[in-house]
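> Need coordinates for the below:
(one chain, ligands or ions: 4)
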Amino acid sequence: MDFKVVEKFVSINGEGRHCGQLAVFIRFSGCNLNCSYCDTAWANEKNAPYELMSSKDIYEYIKSTEVRNITLTGGEPLLQEGIIELLKVLSKDKELHVEIETNGSVLLDKFSNIANPPSFTMDYKLPSSNMENRMVLDNFNYLTSKDTIKFVSGSIEDLEKAKELINKYNLVDKTSVYISPVFGEIHLDSIVEFMKNNKMNGVNLQVQLHKIIWEPSKRGV
Ligand SMILES: C[S@@+](CC[C@H](N)C(=O)[O-])C[C@H]1O[C@@H](n2cnc3c(N)ncnc32)[C@H](O)[C@@H]1O
Ligand SMILES: Nc1nc2[nH]cc(C(=O)O)c2c(=O)[nH]1
Ligand code: SF4
Ligand SMILES: [Mg+2]
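Residues are numbered from 1 along each chain as shown. Ligands and ions are numbered 1, 2, ... in the order given. Down below sits the predicted model:
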């Protein structure tokens, strides 16, 4: 099975629990959603240039970098045909730590059954994404302490919804919880005020580090 890979690169992970650590990124083409703020919409266009890589090619590229954190992203990685086969290949190498960025619309059940499963960083798409009606709420039951739920927030309405879900599903007790601004869309201090006013203990605020280090639209970083 060959995958359409639009980018592969080594950088520091700018998001999530391994923020600041080196990671190898594999970005697959294509997505089933169309978030209002998507910073990677180019990867979802039909004519986006890609290279075809097999699971073996991807594994060999990863090993050639000598970097042990892997981030599979996109587009939507969990909709790639053959992704389970790739996850099985990667899971056999106990030196690697595999993280998958996923958009909350794909049920996680069949991916968490793999031996030595990857860590999921799952977005819940909030109202300002215009994609909230695509969220699979059952996914809250599959997230564990090695996973992360991320609420990318562009408005106070988004923050209100994130708070409601964090409380309703006891997310802080189940998994790591992050709030991240839609880049440039919301004042960071208003997020902190919101967290203070709502006593959001255990929730992490995170800004995409790579957009501070490099020009925000730069690719391959
Ligand atoms: C490009 S997506 C690819 C993975 C998957 N499709 C998803 O949405 O999780 C990777 C991450 O970037 C985040 N993201 C995309 N555009 C953003 C923006 N303008 N500001 C902040 N985060 C953004 C997404 O919410 C997601 O957490
Ligand atoms: N440096 C860097 N870190 C990232 N973490 C998650 C990313 C993504 O696009 O999924 C990303 C990205 O695009 N760049
Ligand atoms: S789900 Fe991810 S890749 Fe797809 S449009 Fe939304 S942010 Fe972009
Ligand atoms: Mg990105």
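> how long is stretch 208-221 end to end?
12 Å (CA to CA, to the nearest Å).
> How about it, which residues are buried there?
Gln208, Lys211 (16 or more other CB atoms under 10 Å). In this view, the C-beta of every residue, glycine as well, is placed from N, C-alpha and C.
> And for stretch 3-18?
In terms of neighbour count (16+ other CB under 10 Å), stretch 3-18 has its buried residues at 3-8, 11, 13-18.
> go on, stretch 63-73?
Residues Val67, Arg68, Asn69, Ile70, Thr71, Leu72, Thr73 are the ones in stretch 63-73 that count as buried (16+ other CB under 10 Å).
> just checking, what packs against the longest strand along the chain?
Across the chain, the longest stretch assigned as strand under DSSP state E is strand 2-12. For strand 2-12, the packing partners by 3 or more CB pairs under 8 Å, 6 or more residues apart in numbering; DSSP states H and E come out as strand 22-28, strand 51-54, helix 55-65, helix 210-213.
> Of all the ones you listed, which one comes closest to Met122?
strand 22-28 (16.3 Å; CB to CB).
> what pLDDT, on average, does that closest one get?
Averaged over strand 22-28, pLDDT sits at 98.
> That one close to ligand 3?
No - using CB under 6 Å from any ligand atom, strand 22-28 never reaches ligand 3; the gap is at least 9.4 Å.
> angle of that strand against helix 55-65?
160 degrees (axes from the mean of the first three to the mean of the last three CA atoms, to 10 degrees).
> in strand 22-28, what counts as buried?
By neighbour count on 16+ other CB under 10 Å, the buried set for strand 22-28 is Ala23, Val24, Phe25, Ile26, Arg27, Phe28.
> Which one of these is nearest to Ser55?
Looking across those and measuring by CB to CB, the closest to Ser55 is Ile26, at 10.8 Å.
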